[in-house]
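Enquirer: Please work out how this folds:
(chains A and B)
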2 protein chains.
Amino acid sequence: MSSKSKQDAATSLGRRQWLAGSAGALATMGLGAANGQAHAQAQSAASAPALPVAPAKPPLPAYAAWKDAGAVIIHSSSTIETKRQAFGNGLITPAEQLYVRNNLPAPSASILENRDAWEISIEGVKQPRVLSLRELKTMGLETTPMVLQCSGNGRGFFPNKPSGTPWTVGAAGCVVWTGVSVRQLVESLGGTMAGMDFMTGTGGELLPEGLDPKSIMVERSVPAKAMADALLAWEMNGVPIPLAHGGPLRLIVPGYQGVNQIKYVKRLAFTAQESDAKIMAHGYRISPPGAKADPSQPSVLEMNVKSWITSPLPERAAAAGQVQIQGLAFGGQRAVKRVEVSVDAGKTWKEARLVGPDLGKYAWRQFVLAAKLPAGTHTLMSRAIDTAGNAQPEQRLENVGGYNNNSVLDHAVTVTLA
Amino acid sequence: MSSKSKQDAATSLGRRQWLAGSAGALATMGLGAANGQAHAQAQSAASAPALPVAPAKPPLPAYAAWKDAGAVIIHSSSTIETKRQAFGNGLITPAEQLYVRNNLPAPSASILENRDAWEISIEGVKQPRVLSLRELKTMGLETTPMVLQCSGNGRGFFPNKPSGTPWTVGAAGCVVWTGVSVRQLVESLGGTMAGMDFMTGTGGELLPEGLDPKSIMVERSVPAKAMADALLAWEMNGVPIPLAHGGPLRLIVPGYQGVNQIKYVKRLAFTAQESDAKIMAHGYRISPPGAKADPSQPSVLEMNVKSWITSPLPERAAAAGQVQIQGLAFGGQRAVKRVEVSVDAGKTWKEARLVGPDLGKYAWRQFVLAAKLPAGTHTLMSRAIDTAGNAQPEQRLENVGGYNNNSVLDHAVTVTLA
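Expert: Take a look at the predicted model:
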């Protein structure tokens, strides 16, 4: 089903049919306990005889048909993962390899026909304004390389199989965003109103009729201080942002998990409270095992320090002997200070060398360790440490949604060299 | 004609037919006076009734069919330019926008079927070796962002229309190369033999029968000291190098003009003399007006300091009022220290702000100057200055081949704002 068709379905059909049509999107919303319900509904609807049967290996959806099919795993029409063996050493992830994770079906591609006409409402500032993208482009220019990562990246390593897409490492990429600084924009509008402790972004997805908007809309809040490095961005990797990645305009909050990077952003509000939309209040929470998600639990905000090996892999064979062990590491909010690699399943560690230029604290670093590995089976691990001394933990933090996994053990790889 | 078909033609047909089949490639070899002859021959052959007539606007050739047709100007099957208005602010040029300039028809795509089996002969070192790409990958890993530019970039601004492709600014991009350091490779082979003052790379293109190989082969020499930062590269922008850009293996010499970045490199030799191949001895020379190219004239080696504005442009309109004047600047061998912008055709200058992280001295920098421009026509100019104080000159250095143009005046743009 094309993006356009989905859009049509969302406007013309009722609630049940829309849910079925966007089963993939809803099933992987990661709304904790709430998600189970949507998932069950979607599955039930999908198995109704009148609806098309999903193929075992879905094709690239129309709005992402330009992706490199050989470099990605297509989980669903709204969840596409970069293959671990596709990550290279080019510092920046090419758009055609970059993962996709849409919480709702993408809007109609018609919103890209006149990008400059896209409007965003800036609220909670002393001089609130509705600004067009054309106007934003006259107000400033910044370019920020940044790790973009779904908070569920690494969920696939949880043995209890949390609801949601079982990403391993490929729901992440390092991409370059260009737009206007939110801090400067806010200054030009007189600053924020008093007591506005949160920066709340609202996505411009078309919502289906018959549902409470709060139950489905994409609206997230982050601490207002995050505006310092945030962008309203119109370019990704040097070209206008594709629809699949939130074009024409996306809120970029460097160092924060992907769900906070609001696509098709139509409202940026400085607010006294966090959004009460379901995706904020009852979704993307670090819920202890057995608990239901609620606003008292930590939200999925800042990224944590993390790394993984990209070569050698079972899918990227190397011969025994001299091997260049390669991988990627990032700190989330802080730069990576060093990366250590173990070739003996964590018994001993050596410091890897960081390769290529430093693109700033929000970008990832490439690392390499030259090692002599005899023929046989080896378990390779990496461990990143940020500039504040935070190191990746051995074990994942168990949580219902399978979020924020930066476990050293989970990201280890076992390879057999001949 | 597809790349594969051309390859077949080159092996099975005679000299005259091959020249006709690769008319575009030869006509734009830029071999100075020698080029005139090839050009005339090619034109003559192309007008023979038995041969296909070239369309006025050629399509993307098969080996570059994956390029973004909307972002490029297709001069010929071997010369494809990035549109000035396609350059964005992503630091790195996406592969699908990057220019192509092949001196000979690309080899058959079959050379990519087993990339790791590609072999290169390393000569002029104490322990010469033939090494496979598989072996090179075990020997080291470096990643270098670098401006890749055809020495004829800017030729289109020469009023006397030198022979060769009339590139304006788009025969350039900033791309990321990953491979093994040539310096480290040479050290591991015992170092260079005494007196080997040049590093000579030879391309692996298939040469047509019946021609003296020296008259057609791609073989270039640079000073041996350039090995310090040189790479034998297998990745471009994080993916295996496409055929159009020299995969599976390319010699990368940061800071040097594109012709020295040998594609499909099959031999890397440290030599006492410069190559006597025609492309080195009688091509790519800075020949004074009226002179024939010869080895006594300077060769096209190091890039010089340069910049150009990318927005606003006649093709990328802006409204009168506040405008963010944007562009790209690089130093060639040295980092850019600063960029100045004039909005009054060079009468007065202001220092622009450099945008985004510094990717190293061989990469370009993005610059921006916020300016208030009233409705009307404005001539905008940029002038880059490198860390050694070298500034772009006002005027181009006249030369027969139209090389090395970094003139401020030639790169100015005149825009009318409403």
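Enquirer: and the gap between A:Ala71 and A:Phe87?
Expert: According to Cβ to Cβ, to the nearest Å, A:Ala71 stands 9 Å off from A:Phe87. Any C-beta I mention is one placed from the backbone N, CA and C, and that applies to glycine too.
Enquirer: Overlap of the contact sets of the two?
Expert: Common neighbours of A:Ala71 and A:Phe87 (criterion: Cβ atoms under 8 Å, 6 or more residues apart in numbering or on different chains): A:Gln97.
Enquirer: Just give the nearest non-adjacent residue to whatever residue of the stretch 101-250 of chain A ends up closest to chain B, would you?
Expert: In the stretch 101-250 of chain A, the residue found nearest to chain B is A:Gly238; the distance is 2.3 Å by Cβ to the nearest Cβ. Distances taken as Cβ to Cβ, 6 or more residues apart in numbering or on different chains put B:Gly90 closest to A:Gly238, at 2.3 Å, once the chain neighbours are dropped.
Enquirer: now A:Lys306
Expert: A:Asn406 is the one closest to A:Lys306 (Cβ to Cβ, 6+ apart), at 4.1 Å.
Enquirer: Could you verify my assumption that that neighbour touches A:Gln392?
Expert: Yes - with contact defined as Cβ atoms under 8 Å, A:Asn406 counts as touching A:Gln392 (5.1 Å).
Enquirer: hmm, back to that, show me what contacts the residue nearest to A:Lys306?
Expert: A:Gly154, A:Asn304, A:Val305, A:Lys306, A:Gln392, A:Pro393, A:Arg396.
Enquirer: if we go to 7 Å?
Expert: A:Gly154, A:Asn304, A:Val305, A:Lys306, A:Gln392, A:Pro393 (Cβ atoms under 7 Å, 6 or more residues apart in numbering or on different chains).
Enquirer: Quick check: the fourth one vs chain B, distance?
Expert: This points to A:Lys306. 19 Å (Cβ to the nearest Cβ, to the nearest Å).
Enquirer: So what's the residue count around that residue?
Expert: Residues lying near A:Lys306 (other Cβ atoms under 10 Å in any protein chain shown) number 29.
Enquirer: about what we covered before: let me know the pLDDT of the residue of the stretch 101-250 of chain A closest to chain B.
Expert: Note on A:Gly238: pLDDT of 97.
Enquirer: Go ahead and confirm A:Cys195 touches A:Phe270.
Expert: Quick fix: residue A:195 is Gly, not Cys. No - with contact defined as Cβ atoms under 7 Å, A:Gly195 does not count as touching A:Phe270 (9.3 Å).
Enquirer: Looking at those two, which is more packed in?
Expert: In terms of neighbours (other Cβ under 10 Å), A:Phe270 is the more surrounded of A:Gly195 and A:Phe270; the figures are 24 against 11.
Enquirer: What helices and strands are in contact with the helix or strand hosting A:Val180?
Expert: Element membership for A:Val180, per DSSP states H and E: strand A:172-181. In terms of contacts (3 or more Cβ pairs under 7 Å, 6 or more residues apart in numbering or on different chains; DSSP states H and E), strand A:172-181 is packed against strand A:142-149, strand A:231-236.
Enquirer: For the last one, which strands pair with it and how are they oriented?
Expert: Spelled out, that is strand A:231-236. strand A:172-181 (antiparallel), strand A:239-240 (antiparallel), strand A:250-252 (antiparallel) (DSSP bridges).
Enquirer: Contacts for that strand, please.
Expert: Contacts of strand A:231-236 (Cβ under 7 Å, 6+ apart): A:95, A:120, A:133, A:136-137, A:142, A:144, A:175, A:177-182, A:185, A:240-241, A:245, A:248-252, A:265, B:88-90.
Enquirer: higher neighbour count, A:Ala71 and A:Phe87?
Expert: A:Phe87 (29 against 21).
Enquirer: Okay, the nearest residue to that one once chain neighbours are set aside and B:Leu112: tell me how far apart.
Expert: Ranked by Cβ to Cβ, 6+ apart and with sequence neighbours excluded, the top spatial neighbour of A:Phe87 is A:Thr310, at 4.3 Å. Here A:Thr310 is placed at a distance of 21 Å from B:Leu112 (Cβ to Cβ).
Enquirer: Then A:Ala171?
Expert: 29 Å.
Enquirer: who's more crowded, those two?
Expert: Shown here are A:Ala171 and B:Leu112; by other Cβ under 10 Å, A:Ala171 has more neighbours (27 against 15).
Enquirer: wait, doesn't the more buried one sit right on A:Cys150?
Expert: Yes - when contacts are counted by Cβ under 7 Å, A:Ala171 is listed as touching A:Cys150 (3.8 Å).
Enquirer: Touching both of those two, which residues are there?
Expert: What both A:Ala171 and A:Cys150 touch, as defined by Cβ under 7 Å, 6+ apart, is the set A:Tyr99, A:Arg101.
Enquirer: out of the contacts of strand A:231-236, which are buried?
Expert: A:95, A:120, A:133, A:136-137, A:142, A:144, A:175, A:177-182, A:185, A:241, A:245, A:248-252, A:265, B:88-90 (16 or more other Cβ atoms under 10 Å in any protein chain shown).
Enquirer: that older thread, compute the distance between the residue nearest to A:Lys306 and chain B, please.
Expert: Distance from A:Asn406 to chain B, by Cβ to the nearest Cβ: 23 Å.
Enquirer: I am finished for the moment; much appreciated.
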